[in-house]
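Participant: A predicted structure for the sequence below; I have some questions about it.
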Amino acid sequence: MKYFFLAYAIIAALFIGLMPMRGGKSPDAPIRLFPDMDEQDKIKPQKPSEFFADGQGARQPVHGTQALGLNPEGLKEIGGIPEQEFGGGTGHLATGGIDDYFANGMPEALGLTTENVGAFLKRGEEVFNVNCAICHGKSGDGQGMTGHFGVPGIANLTQDTYAQATYPDGRLFYVISEGKGNMGPYKHNIALRDRWAVVAYIRALQLARKAPYDAVKDAFDKGIAAQAP
Ligand code: HEC
């Protein structure tokens, strides 16, 4: 017991003796058991920095920097396409619907003619392959890459369910614009005209599935011959 009181007194004396050291200034970083990223090589807002020649921590935007969606003339466009082509709107062209119904056929406002429809379809192919093929597959059969990594229930667009008679063009346009289930909306990424081009291209993919062998025999044989070793 005697030793216990002695040890207690020594520890107490040491403790009290160290107390006045608190608050002493030291140039060293404090010892931290849990650093919590308190010390970092970063520049705090409005602080100077020796790293830059002018000693200023906050930097100006790089010369020629342009805010997304704005061009210097004040015209609002994204990649050369007027901003209003992305997002909402009313009428057949912007929604795919006429009154309360989804419409079949391409809107007149697209100005499609027998001359330009080929390029329109080509554009649809390009946009489809960039945006949709990763899930729906290049042929639209729903066997895209993401399915193999676990995205469930990807629609097979070549099924009869999505044929024009049961699934109007306007509804295709609407689903592309607004999304459905695990599929996100594309109205902010794909311009209006390009979304219609994708609708047309999906119809082409569906037709390609149904074409009678005789109609495609020559092209098919040519393709097989080209692949032969
Ligand atoms: C991230 C993967 C993914 C991408 C990319 C994607 N989709 Fe889908 N899509 C889905 C899934 C999943 C469904 C099933 C949604 C459901 O029924 O809940 C679907 C359904 C659909 C449907 C059928 C909707 C219905 O009413 O049953 C259409 C049409 C469609 N997608 C078209 C497209 C087009 C066109 C593109 C490209 C612009 C596209 N999708 C891009 C995953 C995707």
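Facilitator: Okay, I see it.
Participant: residues contacting residue 204?
Facilitator: Under the criterion of CB atoms under 8 Å, 6 or more residues apart in numbering, the neighbours of residue 204 are 121, 124-125. Where C-beta positions appear, they are placed from N, C-alpha and C, glycine not excepted.
Participant: got it, and residue 112?
Facilitator: If you count contacts by CB under 8 Å, 6+ apart, residue 112 has them with 106, 120.
Participant: over to residue 200?
Facilitator: Residues 106, 117, 120-121, 124 are the ones in contact with residue 200 under the rule CB under 8 Å, 6+ apart.
Participant: can you tell me which of these are in helices?
Facilitator: With helices defined by DSSP state H, the entries of the contacts of residue 200 inside them are 117, 120-121, 124.
Participant: with distance to residue 111 added, can I get the residues you listed in TSV?
Facilitator: Output for the ones in helices among the contacts of residue 200, formatted as TSV (distance: CB to CB, whole Å):
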residue	distance to residue 111
117	10
120	10
121	15
124	15
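Participant: which SSE is residue 6 in?
Facilitator: Using DSSP states H and E, residue 6 falls within helix 2-18.
Participant: same question but for residue 223, I mixed them up
Facilitator: Residue 223 is part of helix 213-227, with elements assigned from DSSP H and E.
Participant: what's the average pLDDT for that helix?
Facilitator: Helix 213-227 shows a mean pLDDT of 88 in the predicted model.
Participant: which one is residue 167 nearest to, not counting chain neighbours?
Facilitator: Closest residue in space to residue 167, ignoring its immediate chain neighbours: residue 161 at 6.5 Å, by CB to CB, 6 or more residues apart in numbering.
Participant: actually, residue 102.
Facilitator: With CB to CB, 6+ apart, the residue lying closest to residue 102 is residue 170, at 3.6 Å.
Participant: next secondary structure after whatever helix or strand the one you found lives in?
Facilitator: When elements are assigned from DSSP H and E, residue 170 belongs to helix 169-178. Sequence-wise, the next helix or strand downstream of helix 169-178 (DSSP H and E) is helix 192-210.
Participant: and the ligand, is that following helix touching that?
Facilitator: Yes: using CB under 6 Å from any ligand atom, a contact is recorded between helix 192-210 and the ligand, made by residue 198.
Participant: got the buried residues for that helix?
Facilitator: The neighbour-count check on helix 192-210 (16 or more other CB atoms under 10 Å) flags 192-203, 205-206 as buried.
Participant: taking this protein, what residue is nearest to the ligand?
Facilitator: Ranking the residues of the chain by distance to the ligand (CB to the nearest ligand atom) places residue 181 first, at 2.1 Å.
Participant: pull the number of nearby residues for the residue lying closest to residue 39 once chain neighbours are set aside.
Facilitator: By the measure of CB to CB, 6+ apart, the closest residue to residue 39 outside its immediate chain neighbours is residue 29, 6.2 Å from it. A count of neighbours around residue 29, defined by other CB atoms under 10 Å, yields 9.
Participant: nothing else from me, thank you.
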